[in-house]
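Asker: Predicted model and sequence below, questions to follow.
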Amino acid sequence: MLSAWNTDRDFTGALPPTRRAVLQGALAATMVGGAAGLVRAQDKVRQTLVQYQGKPKGDQQCDSCVQWEPPDSCKVVVGKISPKGWCVLYLPKPQ
């Protein structure tokens, strides 16, 4: 005899997520939340973490980045920054 109630499915007919999927989602959320908290806590990152170099990379250089703060600073990288420097956080200013 078939039951009219199918407790393994929701109203859309989808199966509930597996334990593995739930744990992976929780881990991802924890990692993203932790990283966001780290950035908020220290505001700026060390130059070594962003591969800062005192010379441009092609046509990319600090004084054309949205994070640049004249005369020698950056919104996201700590320390003295060369206007002709570069790091992996480079984001060009809008034209």
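Answerer: Yes, it's here.

Asker: any idea where the helices of the protein begin and end?
Answerer: Per DSSP state H, the chain carries helices over the ranges 19-42.

Asker: Break the chain into its domains for me.
Answerer: Domains of the chain are assigned by automatic domain parsing as 15-43, 45-95.

Asker: List of residues touching stretch 72-83?
Answerer: Contact with stretch 72-83 is made by 44-47, 50, 52, 54-55, 61-63, 65, 67-71, 87, 89, as judged by Cβ atoms under 8 Å, 6 or more residues apart in numbering. Yep, even glycine has a C-beta here, placed from its N, CA and C like the rest.

Asker: Ok, stretch 56-68 next?
Answerer: Residues outside stretch 56-68 that contact it (Cβ under 8 Å, 6+ apart): 70, 74-77, 81-87, 89-94.

Asker: List buried residues within those residues.
Answerer: Buried members of the contacts of stretch 56-68, counted by 16 or more other Cβ atoms under 10 Å: 74, 76, 77, 81, 85, 86, 87, 89, 90.

Asker: which of those residues lies closest to residue 15?
Answerer: residue 89 (41.6 Å; Cβ to Cβ).

Asker: Pull the contacting residues for that closest one.
Answerer: Contacts of residue 89 (Cβ under 8 Å, 6+ apart): 50, 65, 67, 76, 77.
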